[in-house]
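Trainee: what's the 3D shape of this:
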Amino acid sequence: MHCTYITFSTGLISFSEATRFTATKYDEAVAWCTANNKPVPKHTLHPRVKGFVATVRNLRKAPHVKAVYDVTIAYSNGKLFMSPPSFFDTIYRPHLHRSWRMYAHVNRYELASLPESDQELASWLESRWIEKGRKLASLETQLRKGEQWGDHFSTDMKTHDIFLPSITPSVNI
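Mentor: Sure thing, here's the model as predicted:
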């Protein structure tokens, strides 16, 4: 079903990196960015812009879609930065919050405020990824210094930093 015909509340999650982060994939992304004169993100892979551009182009046809949310998530396990708990850990490990911390940064962008042309929209997405890298680098520095990631909610309600000191899944088996 095309998204413009849906009449109920809808959410769409798109992972623009299109794959999981590994050291090998990061090295490949750096080489690709260098060869293609693209900015090299830190702590992320270069986003796959074509899928994002096509998605936004179609979402603009849906009158009920008003915004795009950009979510950046960081994990730490002790001093290990970007070390998320496994699926098994989240379900079966009691007191998970004693080992892992999670941080989420959320930006809301009005769909109407995004660039119109495909090239400008691709550049916009690439710049979000550079910002993600800066945010993650800052969090890594704070972790290395032993600083808390902290709580912050901006008053404009378009940006939120959320520190979750405990990850406590609720699962009924």
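Trainee: just the helices from the chain, written as ranges.
Mentor: Counting by DSSP state H, the chain has these helices, from start to end: 23-35, 49-59, 87-92, 118-144.
Trainee: and the second one, what does it pack onto?
Mentor: Identification of packing neighbours for helix 49-59 by 3 or more CB pairs under 8 Å, 6 or more residues apart in numbering; DSSP states H and E yields helix 118-144. C-betas here are computed from N, CA, C, even on glycine.
Trainee: what packs against the helix it packs on?
Mentor: Using 3+ CB pairs under 8 Å, 6+ apart, helix 118-144 is in contact with helix 49-59, strand 67-77, strand 80-81, strand 100-110.
Trainee: put together CSV for these, with mean pLDDT and distance to residue 125 on each row.
Mentor: Below are the helices and strands packed on helix 118-144 laid out as CSV (pLDDT from 0 to 100; distance: least, CB to CB, whole Å):
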stretch, mean pLDDT, distance to residue 125
helix 49-59, 91, 5
strand 67-77, 87, 9
strand 80-81, 88, 24
strand 100-110, 86, 11
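Trainee: in JSON lines: those, plus mean neighbour count.
Mentor: As requested, those are exported to JSON lines (neighbours: other CB atoms under 10 Å):
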{"stretch": "helix 49-59", "mean neighbour count": "16"}
{"stretch": "strand 67-77", "mean neighbour count": "17"}
{"stretch": "strand 80-81", "mean neighbour count": "15"}
{"stretch": "strand 100-110", "mean neighbour count": "16"}
